[in-house]
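[1] Show me the folded form of this:
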Amino acid sequence: MRLLLVIALLALTGCKSKPTLEPLPIQPPAPTKPDVVQSLGKDLDKTDHRVASALVAIERNADKPKVVVAESRLAQSYLPQPPEQDVQFAMARATKADPVDYQKQMAFGRQLATSVTKAWEKLEAQQAEALRVSQLKDARIVELTKEVERVKKDASAQTWTLVGAGLAVVGALTTAFMGPRIGLPLLLCGAFCGSVPFIIDSPWFEYAAGATLVISCGLGLWWLADRVKDSVNKSKDEPPQA
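    Numbering: from 1, shown residues only. This next block holds a predicted model:
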């Protein structure tokens, strides 16, 4: 009999497989907010453009020493203070004024500017990927939260189902061996317990619960008023004591 009861309970509750979650990609070590990179990039672009414009003005006004000095100082204001060794290197280059050295330095400068641009583009791509992975993590947190709530809900439903199935089996056995007077209430209780998850999930549950509460309060007040009324009538019917 116990084996049949266990089989019946397993058939009622069912078996649910654990959902498999895909692994999240690795988040790059970059800021997730795009405005951080974009704001810094705009400031760097503005600095580069102002310095480049001043250098163009110097080249086009090479015959005007005052303009050259003023534009040079203006360009330097947008740049950090250079190390003294770099200043000495530039002064030696200017003193030598070798066209070959200038060509080599220009090629090095273009190569350095290209590598910096590529590094910046890589940073922007990492920032976009970091934002995407961060959003995936947020979505996974929401998904896991919903899954936890679902598991709790299923566990509660399975508990009510187990209780209902147990009462139904006990009620059936009690009806068979002790009569329907004792067994039928147990069967009804088992049916009610098994239907509790469906009742709670019903969109009308709140209205039904509220109506039941109001009716119960009304019946309680009516019973209390009736008892008070009976007590008053009973005191009136009693003869006065001498």
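[2] What pLDDT does the model give Leu5?
    pLDDT for Leu5: 39.
[3] which residues of the chain score low on pLDDT?
    Along the chain, the parts satisfying pLDDT under 70 run over 1-21, 30-32, 34-37, 199-209, 212, 232, 234-242.
[4] show me where it has helices.
    2-13, 34-60, 65-77, 84-96, 99-178, 180-201, 205-237 (DSSP state H).
[5] wait, what's in contact with the spatially most central residue of the chain?
    Nearest to the mean C-alpha position of the chain, by C-alpha atoms, centre = their mean, lies Asp138 at 3.6 Å. By C-beta atoms under 8 Å, 6 or more residues apart in numbering, the contact set of Asp138 is empty. Any C-beta I mention is one placed from the backbone N, CA and C, and that applies to glycine too.
[6] returning to that earlier point: pick the most deeply packed of the helices of the chain.
    helix 180-201 (a mean of 15; mean count of other C-beta atoms under 10 Å).
[7] and it, how far from the chain's centre?
    Chain-centre distance of helix 180-201: 40 Å, with C-alpha atoms, centre = their mean, to the nearest Å.
[8] Quote the end-to-end distance of stretch 173-185.
    Using C-alpha to C-alpha, to the nearest Å, the end-to-end distance of stretch 173-185 comes to 12 Å.
[9] Pull the residues that contact it.
    In contact with stretch 173-185 (C-beta under 8 Å, 6+ apart) are residues Gly171, Ala172, Leu186, Leu187.
[10] Grab the nearest non-local neighbour of the first one.
    By that I understand Gly171. Leu186 (3.2 Å; C-beta to C-beta, 6 or more residues apart in numbering).
[11] Relative to Pro28, how far out is the residue nearest to the centre of the chain?
    16 Å (C-beta to C-beta, to the nearest Å).
[12] Check Gly179 too.
    74 Å.
[13] Can you pick out the residue with more neighbours from those two?
    Neighbours per residue, other C-beta atoms under 10 Å: of Gly179 and Pro28, the larger number sits with Pro28, 18 against 10.
[14] I'd assumed Gln126 was in contact with the more buried one.
    Yes: counting by C-beta atoms under 8 Å, Pro28 does reach Gln126; the two are 4.0 Å apart.
[15] what sits up against stretch 87-94?
    Under C-beta under 8 Å, 6+ apart, the answer for stretch 87-94 is Asp101, Tyr102, Gln105.
[16] which one of those sits closest to Glu84?
    Gln105 (18.4 Å; C-beta to C-beta).
[17] tell me the domain ranges of the protein?
    For the chain, automatic domain parsing gives the domain ranges 34-140, 203-232.
[18] Tabulate those (a markdown table), appending distance to Val163.
    Listed next are these as a markdown table, based on distance: least, C-beta to C-beta, whole Å:
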| stretch | distance to Val163 |
| --- | --- |
| domain 34-140 | 35 |
| domain 203-232 | 19 |
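[19] These: which one's closest to Ala165?
    Taking C-beta to C-beta, domain 203-232 is the member of the domains of the chain nearest to Ala165, at 22.2 Å.
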